[in-house]
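1. please find the sequence and the predicted model below.
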Amino acid sequence: MTSDISTLMRDMGLKARAAAKTLANASAEQKNNALQKMADAIRTAAPTILAANAEDVAAMQAGGQSAAFLDRGTLNEERVEAIASALESIALLEDPIGAVISEWERPNGLQIARVRTPLGVIGVIYESRPNVTADAGALCLKAGNAVLLRGGSDTIRSNKAIHAALQSGLAEAGLPEDAIQIVPVADRSAVGEMLKGLDGNLDVIVPRGGKSLVARVQSEARVPVFAHLEGLVHIFVDKAADLEKAVEIVVNAKMRRTGICGALETLLVDEAVAATHLRPIVDALQAKGCEVRGDDDVQALCSGVNAASEEDWSTEYLDAILSVRLVGGLDEAIAHIDRYSSHHTDCIITEDAQAAQRFLAEVDSAIVLHNASTQFADGGEFGMGAEIGIATGRMHARGPVGVEQLTSFKYRVQGSGQSRP
């Protein structure tokens, strides 16, 4: 079986490399036409996609998966339409390939330009979310890349149904179906083959999933990785925070969807406003069904709060659970975030512009917000059409990985007969 999977993956890599050569020279019109055809195919295939998803959800329920995990893996008519709409949004984006990033002329007359190019072949390894199948496929296509998709076993039926629609759209638009391939088996050895680089046919890997998946990819990958670590997200309620804003933002950040990486996991409240702000925020959270775990000070001020352990400050719950701590001001809040944050998304709520600027400058996370819900940590909300994930590293891509982040560049030098003395 291992030998068969190794052969399968090498063959997929070769096909992807051939498709990537075609895509690198495809026009913006060709790619946009394919994206529209793919959106049409998703809508046409909606009954098939939903039937496949129903089987996946039933299997997850039988396996005792958590409510948050089920939410990430569940599709309905509205979510399928959102997938199709995201494909159309990506088609409307400017084509990055061939765009001139910068250009200049040297004293000897050489004309130099830095120009965007595709990365080549991208491997995306993800869990739970079927929409990633379409988002990743479409973003890679728009950026002129071929992609190999390896989704989680829990939603393999949904992923395959969505992928079939994508390939139908590619074929109708006259682009190679091998531009977007999906690993058809759940065997984990397929991931191992991708991490080896498929004999040089895989240029970069994007992992999107839990801590154990990302840790394995970072440890074993022989090709560059756009790391998507857990979303250990913080909000700091500053002493100058507007109470009404704070309640609205905190409840939305935690409870809108608890299972996404931009969901709030730790709330820090300035002890200067603990008497006025803490209880209304906690009451609003508990009214929405959120379990609150707090330090001794929080427990003393609010009823129904469970004791927080040291482990809670470094836990991504992805559930209706929130850890809450009182801190002695901005410096202490930033120190807490420095210690525990996964450098994904962090936020300050304040009407003090100076405090906001300090927070935005000093908190070293991929996304920092002021007076806005952390659930906006999403490529679609940033105007990118969609995203493959939120990169938390510091090299090449950081934050939402959209079309531009899936490109590289080359230098185009034009002369008129110059030779170097």
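-> All right, it came through fine. Residues are numbered from 1 along each chain as shown.
2. pull the longest helix from the chain.
-> Criterion DSSP state H: the longest helix present in the chain is helix 2-24.
3. okay, now Ile180: neighbour count?
-> When neighbours are counted by other C-beta atoms under 10 Å, Ile180 registers 29. Bear in mind the C-beta positions are built from the backbone N, C-alpha and C, glycine included.
4. what's opposite it in the beta bridge?
-> Ile180 has the following beta-bridge partners by DSSP bridges: Val147.
5. which non-adjacent residue is nearest His382?
-> In this structure residue 382 is Phe, not His. Residue nearest to Phe382 in three dimensions, not counting chain neighbours: Pro400, with 5.4 Å by C-beta to C-beta, 6 or more residues apart in numbering.
6. quick check: phi and psi at that neighbour.
-> phi -60, psi 130 (degrees, to the nearest 10).
7. now do Arg412
-> Dihedral angles for Arg412 - degrees, to the nearest 10 - are phi -110, psi 120.
8. tell me the contacts of it?
-> Arg412 sits next to Ile112, Ala113, Arg114, Val115 when contact means C-beta atoms under 8 Å, 6 or more residues apart in numbering.
9. swap in Leu139?
-> With contact set as C-beta under 8 Å, 6+ apart, Leu139 has these partners: Ile90, Gly385, Ala386, Glu387, Ile388, Val401, Gly402, Val403, Leu406.
10. quick check, Arg116 in contact with Phe409.
-> Yes. Using C-beta atoms under 8 Å, Arg116 is in contact with Phe409, at 5.4 Å.
11. which residues do those two both contact?
-> Counting by C-beta under 8 Å, 6+ apart, the contacts common to Arg116 and Phe409 are Ile101.
12. between these two, who's got more neighbours?
-> Legend: neighbour count by other C-beta under 10 Å for Arg116 and Phe409, higher for Arg116 (19 against 15).
13. rewinding a little: tabulate the contacts of Arg412 (JSON lines), appending secondary structure.
-> Formatted as JSON lines, the contacts of Arg412 follow (DSSP: H, G, I helix; E, B strand; the rest coil):
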{"residue": "Ile112", "secondary structure": "strand"}
{"residue": "Ala113", "secondary structure": "strand"}
{"residue": "Arg114", "secondary structure": "strand"}
{"residue": "Val115", "secondary structure": "strand"}
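14. now those residues as a markdown table including neighbour count and distance to Arg43?
-> Formatted as a markdown table, these follow (neighbours: other C-beta atoms under 10 Å; distance: C-beta to C-beta, whole Å):
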| residue | neighbour count | distance to Arg43 |
| --- | --- | --- |
| Ile112 | 14 | 46 |
| Ala113 | 15 | 40 |
| Arg114 | 14 | 39 |
| Val115 | 17 | 36 |
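15. nearest to Ser342, of those residues?
-> In terms of C-beta to C-beta, no member of the contacts of Arg412 lies closer to Ser342 than Arg114, at 32.0 Å.
16. need the pLDDT of the closest one.
-> Looking at Arg114, its pLDDT is 96.
17. Leu267 versus Ala391, what's the distance?
-> Ala391 is 25 Å from Leu267, where distance means C-beta to C-beta, to the nearest Å.
18. what's near enough to touch Ser342?
-> Residues near Ser342 by C-beta under 8 Å, 6+ apart: Leu229, Glu230, Gly231, Leu232, Glu316, Thr392.
19. now for Asn108, how many residues are close by?
-> By other C-beta under 10 Å, neighbour count at Asn108 equals 11.
20. tell me which element the residue lying closest to it once chain neighbours are set aside is part of?
-> Leaving aside its chain neighbours, Asn108 sits nearest to Gln418 (5.4 Å; criterion: C-beta to C-beta, 6+ apart). Using DSSP states H and E, Gln418 falls within no helix or strand.
21. and Gln418, how far is that from Val100?
-> Remark: distance between Gln418 and Val100 (C-beta to C-beta) = 21 Å.
22. mind picking the two most distant members of the contacts of Ser342?
-> Glu316 and Thr392 (12.1 Å).
23. and these two? Which one has more around it.
-> Neighbours per residue, other C-beta under 10 Å: of Glu316 and Thr392, the larger number sits with Thr392, 25 against 18.
24. which residues does the more buried one contact?
-> Under the contact definition (C-beta under 8 Å, 6+ apart), the residues listed for Thr392 are Ala227, His228, Leu229, Ser342, His343, His344, Ser365, Ala366, Arg398.
25. repeat that for 10 Å
-> By C-beta atoms under 10 Å, 6 or more residues apart in numbering, the residues touching Thr392 are 214, 226-232, 261, 341-345, 365-367, 398-399.
26. count of residues packed around Ala41?
-> Ala41 sits with 22 neighbouring residues when counted by other C-beta under 10 Å.
27. is it located within a helix, as I assumed?
-> Yes. Counting by three-state DSSP, Ala41 falls inside a helix.
28. find residues that contact each of Glu316 and Thr392.
-> Listed contacts common to Glu316 and Thr392 are Leu229, Glu230, Gly231, Leu232, Cys261, Ser342, His344; contacts here mean C-beta under 10 Å, 6+ apart.
29. and of those, the nearest to Leu326?
-> Nearest member of the shared contacts of Glu316 and Thr392 to Leu326, counting by C-beta to C-beta, is Leu232, at 18.9 Å.
30. next up, the contacts around the closest one.
-> Counted by C-beta under 10 Å, 6+ apart, Leu232 has contacts 211, 261, 265-266, 313-317, 337, 340-346, 365, 392.
31. switch the cut-off to 7 Å
-> Taking C-beta atoms under 7 Å, 6 or more residues apart in numbering, we find Leu232 in contact with Glu265, Ser314, Glu316, Tyr340, Ser341, Ser342, His344.
32. ok, and the closest non-adjacent residue to it?
-> Once flanking residues are discounted, Leu232 sits nearest to Ser342: 4.0 Å by C-beta to C-beta, 6+ apart.
33. A strand includes the one you found, no?
-> No. With three-state DSSP as the criterion, Ser342 is coil rather than part of a strand.
34. ramachandran angles for it?
-> Dihedral angles phi and psi of Ser342 (degrees, to the nearest 10) take the values phi -90, psi 10.
35. per-residue confidence at it?
-> So Ser342 comes in at 89 (pLDDT).
36. now it: how far from Thr350?
-> According to C-beta to C-beta, Ser342 and Thr350 sit 23 Å apart.
37. and if you look at Leu23?
-> Using C-beta to C-beta, Leu23 is found at 46 Å from Thr350.
38. the more surrounded of those two?
-> Taking other C-beta under 10 Å, Leu23 and Thr350 do not tie; Leu23 has more neighbours (28 against 23).
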